[in-house]
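**Q** Sequence first, then the predicted structure, then my questions.
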Amino acid sequence: NKPKMTLSSIRNFVNVSHTRCSGVFITMATVTTSLLSSAGMATSAISSATGSAPQTLQPYKLLAKQQTSHDSAILRFALPETRPLLGNDPDVPTCIKVKYTHTVDDEHSADEPSTSDSYSKSYSPISHPSTPGYFELLVKSYPYTPGGGVGKFLVDLSVGDTISAAVKSERLMHGSPAVLERNWKNVGMVAGGTGIAPHIQILRILLRDEADAIVKLLFINRHAKDILMKTELDALVRQYPRRFTVTYSLTGVTKEEHDRVKGPSSMDISATGELIDTSDKFEYGRGSVDMIRRALPPPSSQSETGTMIFVCGMDGFVEHWSGPVMRAPSVNGKKGPKIQGPLLGLLKDAGYDASEVFKY
């Protein structure tokens, strides 16, 4: 008979070690594969029984806050005690929708009541979905505007404050929510600004797996100072020198201007004891077919292994690279679900097939 899976047994088999990287705590959790799979099923069953199922709107308490730029922060939120993991599967990417109510006081008349507007925004955690006890979000603070302001609300939180949020249904990527065991031997990522967040989670899932997928990230920002989580990305390059590379592209500066302020090339010892060039790889501009060929894996038709390219950023960014994300027809007056739409843009020009590209 199989032993009964309980929350305590799950927690007892999870080995957690903490290390600090540029002021941000990074947690590495190692769990037996069979137990990890059972933990996902146990989490779902226990959550449903206690009323704290991931998809239920519920409070999450802010445990820590690390400013990463003048307008961005990494926020760590505690999970309910009844749930060891954020989602139901420790190897499937998660996404959480934050609800926010903005109250506007009428400054002209004391007799007029305050008005409240409710908003919501979805965020992909940057923590691995198997991380026990908490999850982390990378959030950029945009000024409050009618119809928005969730980012500012989150970045302005203090430790101890709570948010109201619900885990969204698993996102299907060409028929499955899984990123492992998909025959993606070469994975490319194209990120713009805070569009790096879902890539970070997928990257951590892929690199922790022993299937040896090769991952190439092209991260596009206006200036070098705008690059979010650069320290963490560079640390992963050192840890996985044979499996992970990053190319940064700047749109707000020319190569000549950047060369005047860029530091000299440097060498370092990787986690596996290899001498590697740790100099940043830079491109310049919004993107081109030539940039794709230098920074991303080739289409499957040009190699002997499967390729998948993920694209995430603002709407205009995604459209430029792969065509817009579209919506199905509305149902009962509500917005229709998002659909991939045809592959367009630079990735189509570079020879990729629609089945090899996923737009966030």
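**A** Nice, thanks for sending it over.
**Q** Can you classify T68 by secondary structure?
**A** At T68 the chain is in strand, as set by DSSP: H, G, I helix; E, B strand; the rest coil.
**Q** Tell me who's in contact with it.
**A** V24, I74, L138, L228, M229 (CB atoms under 8 Å, 6 or more residues apart in numbering). In this view, the C-beta of every residue, glycine as well, is placed from N, C-alpha and C.
**Q** residue contacts, the second one?
**A** To tie it back to what came earlier, the one meant is I74. Contact analysis of I74 by CB under 8 Å, 6+ apart lists V24, K65, Q66, T68, I126, E136, L137, L138, V139, M229.
**Q** I'd assumed G351 was in contact with S300.
**A** No - when contacts are counted by CB atoms under 8 Å, S300 is not listed as touching G351 (9.8 Å).
**Q** follow-up on the earlier one: can you tell me which of the contacts of T68 lies nearest to V92?
**A** Among the contacts of T68, L138 lies closest to V92 (CB to CB), at 19.2 Å.
**Q** which residues sit against stretch 282-301?
**A** Contacts of stretch 282-301 from elsewhere in the structure, counted by CB under 8 Å, 6+ apart, are 186-188, 190, 214, 216, 218, 220, 247-251, 253-255, 258, 262, 281, 303, 306-307, 309, 320-321, 346-347, 349-353, 356.
**Q** Now that we have those, which of them are buried?
**A** Buried by 16 or more other CB atoms under 10 Å: 186-188, 190, 214, 216, 218, 220, 247-250, 253, 306-307, 309, 320-321, 346-347, 350, 352, 356, out of the contacts of stretch 282-301.
**Q** Tell me which of the contacts of stretch 282-301 fall in strands.
**A** Where these overlap with strands, as defined by DSSP state E, the overlap consists of 186-188, 190, 214, 216, 218, 220, 247-250, 281, 307, 309.
**Q** Just give me the least confident of these.
**A** Taking pLDDT as the measure, the ones in strands among the contacts of stretch 282-301 have their low point at K281 (88).
**Q** and the closest residue to that one other than its chain neighbours, how far is that from L203?
**A** Setting aside the residues directly before and after it, K281 is nearest to T247 in space (CB to CB, 6 or more residues apart in numbering), at 4.5 Å. Separation of T247 from L203 (CB to CB, to the nearest Å) stands at 14 Å.
**Q** Buried ones among the contacts of I74?
**A** The neighbour count (16+ other CB under 10 Å) marks V24, K65, T68, I126, E136, L137, L138, V139, M229 as buried among the contacts of I74.
**Q** outside of the helix or strand hosting L207, which residues touch it?
**A** Under the criterion DSSP states H and E, the helix or strand holding L207 is helix 196-208. Applying CB under 8 Å, 6+ apart, the contact partners of helix 196-208 are 91, 93-95, 123-129, 137-138, 179-180, 187, 189, 191, 213, 215, 217, 219, 228-229, 232, 236, 239-240, 243-244, 310, 312, 360.
**Q** Go ahead and build a ChimeraX selection from the buried members of those.
**A** Below is the selection syntax for ChimeraX that covers the buried ones among those, with 16+ other CB under 10 Å defining burial:
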select :91,93,94,95,123,124,125,126,127,128,129,137,138,179,187,189,191,213,215,217,219,228,229,232,236,240,243,244,310,312,360
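**Q** Which ones among the contacts of helix 196-208 lie within helices?
**A** When the contacts of helix 196-208 are checked against helices (DSSP state H), the matches are E232, L236, Q239.
**Q** Looking at the residue lying closest to T162 once chain neighbours are set aside now. What's its pLDDT?
**A** Counting by CB to CB, 6+ apart, T162 lies nearest to P59, which is 4.3 Å off, once chain neighbours are set aside. Note for P59: predicted pLDDT of 95.
**Q** now swap in V261 and tell me
**A** V261 is assigned a predicted lDDT (pLDDT) of 75.
**Q** Show me the shaky parts of the stretch 251-360 of the chain.
**A** In the prediction, the stretch 251-360 of the chain carries residues with pLDDT under 70 at positions 262-279.
**Q** buried ones in the helix holding L207?
**A** In terms of neighbour count (16+ other CB under 10 Å), helix 196-208 has its buried residues at I196, A197, P198, H199, I200, Q201, I202, L203, R204, I205, L206, L207.
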